[in-house]
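In: can't give you the sequence, but here's the structure:
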């Protein structure tokens with residue numbers, strides 16, 4: 001099957017009229033007489049809008065499937081579609097039938113009105129300002145004008161069959177793009193019935209694919225991606241996209257968004273527009289991040305805490321308490337020297353600046369993307385797209401399963417609805433989802449506590465601390481678990497959403513978005529949250545360690561903090577996910593496509609037809625683009641801890657808008673994360689309170705002189721050893737209670753959180769207020785288009801009225817129509 005659900009838009013083909021033949025035709029013409037790249041019926045006039053395939057093999061349900069196909073195809077013909085079947089003898093394997101579908105003009109205009117599709121009414125007369133300072137510097141990154149803007153710009157209006165003369169229809173074959181034709185046909189296919197089974201009405205191509213009646217259903221590409229089509233009626237846009245955009249060597253070129261939108265449709269076009277904009281904005285964040293990293297690298301030798309830890313006279317003389325019961329030995333503080341030096345790369349003054357910068361960066365990203373999205377919505381006729389279309393399109397599954405009806409008290413319209421029992425099931429499903437999330441957090445915490453056997457880390461103990469080695473091994477194992485659970489969570493989320501039976505496609509995507517986002521968030525980042533917020537925070541003290549389930553001691557952080565472990569965990573998860581994603585999305589599809597097309601080598605080129613070539617490609621799936629957005633959302637979550645956001649797909653559906661609210665709590669979250677994982681507050685406190693920058697590390701290590709908790713100490717005992725905390729020693733009157741330093745530092749951390757989040761919030765709100773969401777020129781164009789649309793419609797209605805007057809209408813009829821026309825114009829202007 002093709003790699004995308006909505007491939008090419010309709011190209012400007014021939015203007016010849018199709019013969020008024022039977023709507024179903026079985027051709028026996030030799031395939032050698034037709035080009036292998038042909039995307040037309042055998043007559044060379046009617047273009048193929050969709051293709052079915054099925055295999056004729058002996059099967060116990062063969063007769064039932066044949067009956068379903070016959071009923072389904074007859075109903076498609078009754079709906080106005082034209083079908084042509086390719087016999088299995090003409091297929092490469094001699095087993096596969098191909099049913100080609102064409103939507104004639106009457107079907108297109110009927111459903112264009114139903115789907116509220118916009119059609120050009122006048123060429124755009126507003127000049128576009130494209131002057132950019134230093135344009136010559138950007139010339140190497142530009143693409144040819146015919147690639148960037150393949151079509152002229154028009155003012156558009158929703159299509160109406162009664163006003164066909166109003167629209168710019170020069171060629172009926174070119175009025176609707178190919179992706180729009182595909183969409184109309186697919187809309188019909190999902191609602192076409194094929195019979196009754198077990199007393200229930202069955203319909204839709206999805207069910208027929210699931211039960212094996214058809215093996216595939218897909219639209220066609222216009223040509224091979226590596227060479228142009230031999231048919232002069234095809235624009236070979238797929239080839240142009242590959243040569244100018246999809247190749248790796250063209251990575252530095254701008255994206256031909258208009259051509260992408262023309263070929264693949266608006267939804268995929270908006271996705272690549274967002275992806276390109278997101279990448280451009282990340283460039284600035286990456287530059288600032290590299291500067292902060294190099295600052296930490298250059299100032300590594302000036303880090304006072306690592307100097308004290310590495311100093312044999314200080315860190316070498318400090319003996320630390322064992323990190324686990326019995327099996328772990330005492331260890332010297334300077335054994336963590338290398339770890340403390342590495343942690344300075346990510347724990348320095350520059351990281352504080354980077355945290356504030358990211359809070360401002362994400363606001364700039366949001367505001368500039370809103371402006372970019374507003375411009376694209378206007379240029380691509382997507383203004384009010386969700387409200388006008390998606391909300392009105394009921395899902396076939398909803399119409400089939402919802403048997404109860406009730407009257408709307410406001411509109412008095414009878415609509416299908418759920419029973420109360422169904423809503424109770426939904427509540428139980430949501431509760432079970434929350435229980436799964438809590439279970440995941442508990443499992444991660446228990447798993448982290450179990451991996452503490454330092455004897456297995458002896459060979460690498462000189463390079464890594466026990467904590468860091470455990471973090472690396474746990475992260476690798478954690479990544480394997482994540483990949484396994486991803487498969488399970490995806491099925492659970494889809495199963496739950498299907499049980500809820502959402503009313504519209506928009507509601508379905510919204511509900512699935514929230515479930516998948518929560519599942520993936522917990523699956524990928526719960527271990528990172530454990531390291532950031534829980535590890536080393538509830539350890540206790542040697543006389544009474546805090547234990548999980550009264551058995552396992554809680555993990556402790558490195559003396560230099562848990563930041564290096566958090567960075568390691570995040571790096572392994574992110575890098576592993578990217579590698580696995582590239583294998584799934586690039587390597588495996590290439591292998592399967594090559595394996596599917598290998599048959600072409602043993603066949604003459606003109607025998608391997610266009611529908612057979614696309615049949616052998618990998619399917620994109622109905623939720624393919626949804627997973628792309630979800631992937632971007634998961635990748636953006638680490639940025640959320642720095643003030644970032646998950647992306648917002650086109651249309652700004654409520655579910656994704658809800659995930660976009662992450663920046664507001666993310667600022668507070670990052671402030672807390674910064675104080676928990678960074679040692680700035682400790683360092684500043686000792687510089688100010690002790691009035692001396694040196695020798696502050698020992699003050700963070702409380703002294704223990706009376707031994708450890710009974711039954712947990714190793715064989716060799718030291719009377720004097722330390723642990724990481726601010727507590728009084730056992731010989732003090734306030735034995736093991738927190739010192740005043742602990743409370744002072746805690747107060748300083750709280751003050752830092754309040755100051756940081758207020759500074760970032762003030763700057764964010766100011767920037768958001770300063771930058772309008774919609775550019776002024778776009779507002780002017782929208783108003784201009786509405787004005788011209790109203791004017792053209794008004795003039796059209798008046799001309800129609802005058803024409804009827806000339807035909808001898810009565811004065812009373814004329815007066816009523818004039819009043820009605822004026823009323824519609826006044827209502828339109830008021831709206």
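Out: That came through fine. Owing to the predicted nature of the structure, the values given are computational and were not obtained by experimental measurement.
In: need the next SSE after the longest helix along the chain, C-terminal direction.
Out: The helix that spans the most residues within the chain, counting by DSSP state H, is helix 466-500. Counting by DSSP states H and E, the next helix or strand C-terminal to helix 466-500 is helix 505-529.
In: Output the contacting helices and strands for that following helix.
Out: If you count contacts as 3 or more C-beta pairs under 8 Å, 6 or more residues apart in numbering; DSSP states H and E, helix 505-529 packs onto helix 420-450, helix 466-500, helix 563-582, helix 624-640, helix 654-660. C-betas here are computed from N, CA, C, even on glycine.
In: residues of that helix that come out buried?
Out: By neighbour count on 16 or more other C-beta atoms under 10 Å, the buried set for helix 505-529 is 505-529.
In: any idea of the mean pLDDT for it?
Out: Average pLDDT, helix 505-529: 77.
In: report the angle between the axes of it and helix 563-582?
Out: Helix 505-529 and helix 563-582 are oriented at 140 degrees to each other (axes from the mean of the first three to the mean of the last three C-alpha atoms, to 10 degrees).
In: Where does the prediction get shaky in the stretch 401-550 of the chain?
Out: Segments of the stretch 401-550 of the chain classed as low confidence (criterion: pLDDT under 70) are 401-471, 473-474, 536, 542-544, 548-550.
In: Low-confidence ranges, the stretch 601-750 of the chain, go.
Out: For the stretch 601-750 of the chain (pLDDT under 70), the answer is 601-607, 621-622, 624, 633-721, 723.
In: Can you name the residues in contact with stretch 374-387?
Out: Stretch 374-387 is contacted from outside by 118, 153, 156, 257, 261, 266, 269-270, 273, 506, 650-653, 773-775, 778, 781-782, 785, using C-beta atoms under 8 Å, 6 or more residues apart in numbering.
In: Residue 741 and residue 725 touch, don't they?
Out: No. Residue 741 is beyond contact range of residue 725, at 10.3 Å (criterion: C-beta atoms under 8 Å).
In: pLDDT score for the residue nearest to residue 531 when sequence neighbours are not counted?
Out: Among residues not flanking residue 531 along the chain, residue 566 sits closest, at 4.7 Å (C-beta to C-beta, 6 or more residues apart in numbering). Looking at residue 566, its pLDDT stands at 78.
In: Can you list the buried residues in the helix or strand harbouring residue 761?
Out: Per DSSP H and E: residue 761 is located in helix 740-770. Neighbour-count burial for helix 740-770 flags 741, 745, 748-749, 752-753, 756-757, 760, 764 (criterion: 16+ other C-beta under 10 Å).
In: what do you get for stretch 111-129?
Out: Applying a neighbour-count criterion of 16+ other C-beta under 10 Å, one finds 111-112, 115, 117-122, 124 buried in stretch 111-129.
In: Where is pLDDT lowest across the residues you listed?
Out: residue 124 (79).
In: which non-adjacent residue is nearest that residue?
Out: Once flanking residues are discounted, residue 124 sits nearest to residue 153: 4.0 Å by C-beta to C-beta, 6+ apart.
In: That neighbour - how many residues pack around it?
Out: Other residues near residue 153 number 15, with proximity taken as other C-beta atoms under 10 Å.
In: distance of it from residue 377?
Out: 14 Å (C-beta to C-beta, to the nearest Å).
In: can I assume residue 516 is in contact with residue 491?
Out: No. Using C-beta under 8 Å, residue 516 is not in contact with residue 491, being 11.0 Å away.
In: Show residues contacting stretch 57-70.
Out: Residues contacting stretch 57-70 (C-beta under 8 Å, 6+ apart): 54, 95, 194-195, 208, 211-214.
In: quick one, what contacts residue 337?
Out: Neighbours of residue 337 in contact, by C-beta under 8 Å, 6+ apart: 306, 309-310, 315.
In: Heading C-terminal from whichever strand or helix holds it, find the next helix or strand.
Out: Following DSSP H and E, one finds residue 337 within helix 337-343. Using DSSP H and E, the helix or strand that follows helix 337-343 towards the C-terminus is helix 349-379.
In: between that following helix and helix 563-582, how many degrees?
Out: Between helix 349-379 and helix 563-582, the angle comes out at 30 degrees (the same axes, to 10 degrees).
In: Which strands and helices lie in contact with the helix holding residue 761?
Out: helix 349-379, helix 663-677, helix 680-689.
In: Toward the C-terminus, what is the element adjacent to it?
Out: Next along from helix 740-770, by DSSP H and E: helix 776-806.
In: What are the buried residues along that next one?
Out: Within helix 776-806, judged by 16+ other C-beta under 10 Å, the buried ones are 778, 781, 785-786, 788-790, 792-794, 797, 800-801.
In: Tell me the one of the residues you listed nearest residue 249?
Out: Of all the buried residues of helix 776-806, residue 249 sits closest to residue 778, with 34.2 Å by C-beta to C-beta.
In: Quick check: residue 177 touching residue 262?
Out: Yes. Counting by C-beta under 8 Å, residue 177 does reach residue 262; the two are 6.4 Å apart.
In: okay, those two: which has more neighbours?
Out: Shown here are residue 177 and residue 262; by other C-beta under 10 Å, residue 262 has more neighbours (25 against 20).
In: these two touch, right, that one and residue 240?
Out: No. Using C-beta under 8 Å, residue 262 is not in contact with residue 240, being 10.3 Å away.
In: mind checking which helix or strand residue 617 is in?
Out: Here residue 617 is assigned to no helix or strand, by DSSP H and E.
In: What's the local residue count around it?
Out: By other C-beta under 10 Å, the residues close to residue 617 number 20.
In: what are the phi and psi angles of it?
Out: With angles defined as degrees, to the nearest 10, residue 617 sits at phi -80, psi 170.
In: Pretty sure it sits against residue 595.
Out: No. If you go by C-beta under 8 Å, residue 617 and residue 595 don't touch, sitting 11.2 Å apart.
In: Spell out the secondary structure type for residue 155.
Out: With DSSP: H, G, I helix; E, B strand; the rest coil as the basis, residue 155 sits in strand.
In: where's it relative to residue 162, distance?
Out: As judged by C-beta to C-beta, residue 155 and residue 162 stand 19 Å apart.
In: Neighbour count: those two, which is higher?
Out: Each of residue 155 and residue 162 has its neighbours counted (other C-beta under 10 Å); residue 155 has more, 22 against 8.
In: wait, doesn't the more buried one sit right on residue 786?
Out: No. Counting by C-beta under 8 Å, residue 786 is not a contact partner of residue 155; they are 9.5 Å apart.
In: So which elements touch the host helix or strand of residue 51?
Out: When secondary structure is defined by DSSP H and E, residue 51 falls within strand 50-55. Where contact means 3+ C-beta pairs under 8 Å, 6+ apart, strand 50-55 is packed against strand 96-102, helix 178-189, strand 216-218, helix 610-615.
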